[in-house]
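K.L.:
no FASTA, just this:
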C-alpha cells in the first residue's frame, strides 16, 4: 500500500490560540479518508496548511512519499492537491466550460483560448469519472449538487491526484449526497485519493475507508469504520468532559408562547424542508434545539417569525397565527430575535450603536413616536444596554464595526431583550464570543427565563444546550425526531440523536 | 411531439430570430409612418448618415463602459475621458493632422482610464466617487489646457483652431442606385434602400476605422484568454484570483482600454463631427454611453443597439423636428402593443401603463403639429429612462461590477 499523504507533528499557533498541535495523519493512496471533529476542532486550519493557504509553525508534510513544502495553492496544485471549497468559487454568468478552464486555458495562436481542446479534455474527465455535467450549461441555471460536480471537475482538469473536500455535504440534500458518494467512489477507483472533512457521523461511516478524529486542534484517534461505531466516534469527538446538568430553579408556566402544530414547509423549488413539526414553548422555559447544521434550523426560525408561511399545519407565535400576521405585527407583539449571523442580520456595521439600538424598533415607542426617531431615547436606552450587558465601548456613538464580536453580540442580546419580550429566539447566541461574554449572555438568558420569557435556544454548542435548556428538541432532516431531558441525557446520547438514531 | 414543436417555436421567438422579427416590425412601422405623414426624411440617406455620425461617439463610450464593467469596475468617468479625448484630438489634430489627433484622443482617454484604475483598484476609492472626480478633472483640465495652448493660435479658452478634415468614401454605382430607389416612396423598399444608401454614401474613413472596435471587443471578450479572465474579474474576482488570475493587472488593462475607447469617441466628435474643440461639446454622451451598456445588457451587440437608438434620436433632433413628431406614432403603437401584450397575461397594471402612455402621447400628437425643440433635445434622455425602467428586470450585469475587491480577502 503506497502512501499519498503523511503529516507529522503539524503545529499552528495564532495569537492566543493553538489551532493545531501534534497532528499526525497518514493517508493511503486510493482511499477516502475522513477527518471529523466539532466546529473549531482544527480541521479547516489543517486543510489550509495542506493547501498552502496557511504556513505551519512546525511539522513535516510528505506527498506521495517525498517531502514537500507547500507555500501557496499554486504549489499545492503543482503537487497534485486540489481543494473543493465549501463555498463554491464559480461565476454564475459563465458556462461550465469557461468556469473550468479559467486559469489553465489551453491556447492556440498565443491569445485565443482553444475551447475545442478544453472541451475534449473535459469530456474525457466527465467520461472517466462519471461526472454528470454539461460543458455548455450556464452555471446560474445549475443546482447545488451540479455546481459541486463542476468544482470537482475544475480540480481534476488541473490534474489533481488528491482531492480535499471541505464539508461537501453541508449544502446538499440527501439525494445529492448519494450522487456525490457515487462520484467519490468512482474517483477512488481511478486511483485518486480523497480527504473528506465532515462532522456528520452517518456519512463518514458510509463513505470513508479510514477516519481521523480531531479535537481541540489535535488528532485523537485513527480508526477504520468496520471496527468502530457512531457512539465511539461521538465520544472521541466530544471528549470526556461531560457538562454537569444544571438543576432548574423554577418550573415553566402553563401559558404557551409558541405552538407549532404539524407544520410543513417547502422551499421555493417545492422541496420539503420542514416536515410535520410539532413544537411548544411555555412561558418561562428554555427549549434547546439541537441538530447538525443544515437540518432545518434556519427554516424553522423563519417559520416561527412568520417569514415563511407553513404549507400545512399551523404556527401560532405569541398568540398570533403567522398565516395572517406580518413579521412587523409578530415582532411588535413581543418577539426578540438574536440572529445567527450577527454582522449580516443583526447590525448595521457602519452605523453607530444608538442607531443600531433602533433597528427593529423603528416604529414603536420609545425609539420613535411614529414619524420621528427619538434620538435621545435611543441614546439613553443604548447606555442602559451598555451598562447592563457590560458592552465594552467608549460610548454609544461609536460605529458597530469598532466593537469586538463578543461586544457586538452582547449589544444585540441587550437590544432584543429590551421590553421583556414574550418570546426570544436565540440562534447560536454565543458562537465565536469569548468566555466572559458567553457567561454574561448565559446569565441574561436565564434571567429572561425567570421573568417568564419563552426562549428557543438554537445551538451547535452541546455544553450550552445542557447548561441552559429545560428540554432539548432534536431536529434532523427537517423534522423534530426527539425530545430529551438534559438531566437524564448524556452528550453522547444527544450526539447520536442528532444523527437520526433513536435512543433506546 | 406537439410539446417539442411548441418548444422549438418558443425558442425561435425568444432567440436572435426574435430580434430580427422585432427589427422587421419596427422597420415596417416606421415605413408606414413615413408613408402616412409624408415626412420622408425619417428614412433618407441623409438621416442614416447623420445617425452613423451621432452613433459612433456613443458607441465608443459604450464599448469603453463595457470594458470597464466587464472587468468589474464601474466607469462613471467616461464623460471626463471623452472630454479629454475631444481636447487632445483637436489640439494634436490641429498640429499634426486629423489621424494623429484621433490617436492622441485615445491616449488622453487612456491616461484618465489609468488614473481611474489607480484610484479604484490600487487605492480602493469608491468607484463612483473616482468616476465623478475624473469627470470634474476632465472638464477642468480641458479648459485649463485650452487657455494655455489655444490662445493666440486662432482659438480661445473654449474653442480650438480648426482641424483638417479626413476624407470620405462612397461606394460607386450602388450608392446612387439605392438613393434613387429611396426617393421613390415605395413602402418598405424605399425605406430600406434609403437607409442602406446612407450607410455607403460619404462615409468618413474614421467612422469605418472606429467601428472596428465593436467586432474586436466581441472577439476579445468571447474568444481570447484575456477576455475570459476579464469577464471573471467582473463576475467573481475571488474565484479568478484563486485560479491564478491577476485581477489587479487585468483591471488596469481593461480600464486603460476603456479610457482609450471613450477618448476615441471624444476625438471623433471634435476632429470629425465639428472640426474643432468646443467646450461642453460631449454634452453628456459619456453618460449616454453608460446607459447604452445597460440597455445592451453588457454585450457588444446590445451596446451597438443602444448606441444606434440614442444616435438616431440625436440625429433626428438635429435634422428635422417634424420627424420626431411623426415618430411619436411609433411610440404610440409600441406603448399600445405593450399594453395589449400584458392584457393577454392578465397583467392589468402593465396594460393600464401601456394604454395610458399610448393615450397621452396620442393626444399630444393630435393637438400639436410640432414637438418643441426642448422636448426633442430631451428625447434621448427620456428614451433611456423608459428603456431602463422597462428592461431593468431582464438585465444581467457582471455580478461584482462596482464591488470593491481587495486581494486576499473573501468578498462579502
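P.N.:
That came through fine. Since the structure is predicted, the reported quantities are computational estimates derived from the model, not experimental observations. Numbering: from 1, shown residues only, chains lettered A, B, ... in the order given.

K.L.:
nearest to chain A: which residue in chain B?
P.N.:
For chain B, the nearest residue to chain A under the criterion CB to the nearest CB is residue B:243, separated by 3.0 Å. Yep, even glycine has a C-beta here, placed from its N, CA and C like the rest.

K.L.:
count of residues packed around the closest residue to that residue other than its chain neighbours?
P.N.:
The shortest distance from residue B:243 to any non-neighbouring residue, by CB to CB, 6 or more residues apart in numbering or on different chains, is to residue A:103 (3.0 Å). By other CB atoms under 10 Å in any protein chain shown, the residues close to residue A:103 number 21.

K.L.:
just residue A:436 next, same as before
P.N.:
12.

K.L.:
one step back: my read: the residue of chain B closest to chain A touches residue A:102, true?
P.N.:
Yes - checked against CB atoms under 8 Å, the pair residue B:243 and residue A:102 is within contact range at 5.2 Å.

K.L.:
just want to know which of the two has more residues nearby.
P.N.:
It is residue A:102, of residue B:243 and residue A:102, that has more neighbours when counted by other CB under 10 Å, with 28 against 21.

K.L.:
ok, now which ones touch the more buried one?
P.N.:
B:228-229, B:232, B:239-240, B:243, B:245 (CB atoms under 8 Å, 6 or more residues apart in numbering or on different chains).

K.L.:
what sits against the residue of chain B closest to chain A?
P.N.:
Contacts for residue B:243 (CB under 8 Å, 6+ apart) come out as A:89, A:102-104.

K.L.:
flag every residue of the stretch 101-250 of chain B that's near chain A.
P.N.:
Within the stretch 101-250 of chain B, the positions near chain A by CB under 8 Å from any CB of the partner chain are B:223-226, B:228-229, B:231-232, B:235-236, B:238-240, B:242-245.

K.L.:
among these, name the buried ones.
P.N.:
B:224-226, B:228-229, B:231-232, B:235-236, B:238-240, B:242-243, B:245 (16 or more other CB atoms under 10 Å in any protein chain shown).

K.L.:
domains of chain A?
P.N.:
Here the domain parsing of chain A from automatic domain parsing is A:3-238, A:256-334+A:423-428+A:453-504.

K.L.:
mind putting the ones you listed in CSV, mean pLDDT included?
P.N.:
Output for the domains of chain A, formatted as CSV (pLDDT from 0 to 100):
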stretch, mean pLDDT
domain A:3-238, 88
domain A:256-334+A:423-428+A:453-504, 88
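
K.L.:
wait, which of these is closest to residue B:186?
P.N.:
Of all these, it is domain A:3-238 that lies closest to residue B:186, at 44.5 Å by CB to CB.

K.L.:
with adjacent residues omitted, what lies nearest to the residue in the stretch 351-500 of chain A positioned nearest to chain B?
P.N.:
Closest approach between the stretch 351-500 of chain A and chain B, counting by CB to the nearest CB: residue A:401, at 12.3 Å. Nearest non-adjacent residue to residue A:401, counting by CB to CB, 6+ apart: residue A:349, 4.1 Å away.

K.L.:
contact partners for the spatially closest residue to residue B:51 that is not a sequence neighbour?
P.N.:
Spatial nearest neighbour of residue B:51, chain neighbours left out: residue B:315 (4.4 Å); criterion: CB to CB, 6+ apart. Residues in contact with residue B:315 (CB under 8 Å, 6+ apart) are B:47, B:50-51, B:53-54.

K.L.:
please pick the buried ones from these.
P.N.:
Buried subset of these (neighbour count, 16+ other CB under 10 Å): B:47, B:50-51, B:53-54.

K.L.:
circling back to that earlier point, show me what counts as buried in the strand or helix carrying the residue nearest to residue B:51.
P.N.:
Per DSSP states H and E: residue B:315 is located in helix B:300-319. Within helix B:300-319, the residues that count as buried by 16+ other CB under 10 Å are B:300, B:302-317, B:319.

K.L.:
up against chain B, what does the stretch 401-504 of chain A have?
P.N.:
Counting by CB under 8 Å from any CB, the stretch 401-504 of chain A has no residue next to chain B.

K.L.:
what's the burial count for the residue nearest to residue B:113 when sequence neighbours are not counted?
P.N.:
Spatial nearest neighbour of residue B:113, chain neighbours left out: residue B:259 (2.1 Å); criterion: CB to CB, 6+ apart. By the criterion of other CB under 10 Å, residue B:259 has 34 neighbours.

K.L.:
secondary structure and distance to residue A:451 for the contacts of residue B:243 - can I get that in JSON lines?
P.N.:
Shown next, in JSON lines, are the contacts of residue B:243 (DSSP: H, G, I helix; E, B strand; the rest coil; distance: CB to CB, whole Å):
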{"residue": "A:89", "secondary structure": "coil", "distance to residue A:451": "47"}
{"residue": "A:102", "secondary structure": "coil", "distance to residue A:451": "56"}
{"residue": "A:103", "secondary structure": "coil", "distance to residue A:451": "57"}
{"residue": "A:104", "secondary structure": "coil", "distance to residue A:451": "61"}
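
K.L.:
of those residues, closest to residue A:478?
P.N.:
residue A:89 (28.3 Å).

K.L.:
residue A:121 contacts residue A:156, correct?
P.N.:
No - if you go by CB under 8 Å, residue A:121 and residue A:156 don't touch, sitting 9.8 Å apart.

K.L.:
settle it for me: which of those two has more neighbours?
P.N.:
Applying other CB under 10 Å to residue A:121 and residue A:156 shows that residue A:156 carries more neighbours, namely 23 against 16.

K.L.:
from residue B:34, how far off is the residue nearest to residue B:51?
P.N.:
15 Å (CB to CB, to the nearest Å).

K.L.:
geometric centre of the chain: which residue is closest?
P.N.:
Because you didn't say which chain, this covers chain A. residue A:293 (5.1 Å; CA atoms, centre = their mean).

K.L.:
actually chain B
P.N.:
Ranked by distance to the mean C-alpha position of chain B (CA atoms, centre = their mean), the top residue is residue B:307 at 2.7 Å.

K.L.:
OK, contacts around that one?
P.N.:
By CB under 8 Å, 6+ apart, residue B:307 lies in contact with B:55, B:58-59, B:62, B:289, B:292.

K.L.:
next one: residue A:284
P.N.:
When contacts are counted by CB under 8 Å, 6+ apart, residue A:284 touches A:250-253, A:449-454.

K.L.:
mind doing that once more with 6 Å?
P.N.:
Residue A:284 makes contact with A:252-253, A:449, A:452, according to CB atoms under 6 Å, 6 or more residues apart in numbering or on different chains.

K.L.:
before we move on, what about residue B:274?
P.N.:
Counted by CB under 6 Å, 6+ apart, residue B:274 has zero contacts.

K.L.:
and residue 215, how many neighbours does it have?
P.N.:
No chain specified, so I'll use chain A. Counted by other CB under 10 Å, the residues lying close to residue A:215 total 18.

K.L.:
my question was about chain B
P.N.:
The burial count for residue B:215: 11, using other CB under 10 Å.

K.L.:
now the one 4 residues further on
P.N.:
Burial of residue B:219, expressed as a neighbour count using other CB under 10 Å, amounts to 14.
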